[in-house]
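>>> My questions concern the predicted model and sequence given below.
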Amino acid sequence: MAQKRILMGVIATAHGVRGDVLVKAYTAVPEDVARYGPLESEDGAQRFALTIKRSTPKGLIARIEGVGDRDAALALRGMKLFVPRERLPAPAEDEFYIEDLRGMAVLSPEGSPLGRVHAVHNFGAGDLIEVAVDGARDTVLIPFTKADVPVLDLTAGHIVVVLPAEDTTQNEAEDDVDDEGEAKRPATSSQTQEDGHAGAREPDA
């Protein structure tokens, strides 16, 4: 089984000529991006010992051990920075890490299995849970609110979601076309981008 990794931040670009980098941190406290030991690439093949120099409105200015000039820093532009899940502290009650939700079973309010959590996204208007619905080709995006996700049980390994009405009934001809006669199509995983963040979260109110 692949080791779970939590996305802590990303190297945005080089800073200056001496090998410093600008890091966009996804932790609640930006400086905590380097708190839990060396950071790693997504596959774990590369490790980065990060020293934070200062914080700016654009992100953190940091030095990476072994990176001594601008060219080397530029070569790391866009590198996502991860830590193994087991290095992080346990989340507080009613909080969780986004990575812990991926793959969890999704149930209806009546307890019927609906599918699995494919990903969690945030495009600026709040968190969305992407659900891979059993037997369906396309995924469904559900607002991550207490109204739409009333139950999140990490111990049992499932969440309860309230799917939109059109996703809980059989497709009917009148529901499959719009007013112009064009076939309807829900948002699919190909239309979204993975967005895993470090830091514990709870559903929006």
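Yep, it's here. Numbers count the residues shown, from 1 in each chain.
>>> What's the mean pLDDT across stretch 140-150?
Taken as a whole, stretch 140-150 has a mean pLDDT of 92.
>>> all strands for this protein, in order.
For the chain, strands defined by DSSP state E occupy the ranges 5-15, 20-25, 39-40, 47-48, 50-56, 59-64, 80-84, 105-107, 113-122, 127-133, 139-143, 151-153, 158-160.
>>> contacts for stretch 24-41?
5, 7-10, 12, 23, 46-52, 55, 59-60, 62, 79-84, 87-88, 197-200 (Cβ atoms under 8 Å, 6 or more residues apart in numbering). Glycine gets a C-beta too; all of them are placed from N, C-alpha and C.
>>> Buried residues of it, list them for me.
25-27, 30, 32-34, 36, 39-40 (16 or more other Cβ atoms under 10 Å).
>>> Centre of the chain to that stretch, how far?
15 Å (Cα atoms, centre = their mean, to the nearest Å).
>>> Which residues does R47 form beta bridges with?
E40 (DSSP bridges).
>>> And the pLDDT at it?
96.
>>> What's the separation between it and L101?
Using Cβ to Cβ, to the nearest Å, one gets 26 Å for the distance from R47 to L101.
>>> Comparing these two, which residue is more hemmed in?
More crowded of R47 and L101, by other Cβ atoms under 10 Å: L101, with 22 against 13.
>>> Could you report the separation of the more buried one from G9?
From L101 to G9 the distance is 20 Å (Cβ to Cβ).
>>> And for G135?
G135 is 37 Å from G9, by Cβ to Cβ.
>>> Ok, R77 next?
13 Å.
>>> ends of stretch 11-20, how far apart?
One end of stretch 11-20 sits 10 Å from the other (Cα to Cα, to the nearest Å).
>>> cool, stretch 83-93 as well?
For stretch 83-93, the end-to-end distance is 22 Å (Cα to Cα).
>>> can you list contacts of it?
By Cβ under 8 Å, 6+ apart, stretch 83-93 touches 3-6, 8, 36-37, 39-40, 44, 97, 99-100, 198, 200.
>>> Would you show me how to pick out the buried ones of the residues you listed in PyMOL?
To isolate the buried ones among the contacts of stretch 83-93 in PyMOL, judged by 16+ other Cβ under 10 Å, type:
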select buried, resi 5+6+8+36+39+40+97+99+100+198+200
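>>> quick one: which two of the contacts of stretch 83-93 are the most distant?
Farthest apart among these by Cβ to Cβ are G44 and A200. That separation is 22.9 Å.
>>> remind me which residues of the protein are low pLDDT?
For the chain, the stretches with pLDDT under 70 are 1-2, 166-205.
>>> Now with 80, please.
1-3, 91-95, 122, 124-125, 164-205 (pLDDT under 80).
>>> Against A49, how distant is V10?
According to Cβ to Cβ, V10 and A49 sit 17 Å apart.
>>> Looking at these two, which has the bigger crowd around it?
Remark: of V10 and A49, V10 carries more neighbours, 18 against 13, as counted by other Cβ under 10 Å.
>>> Thanks a lot, see you next time.
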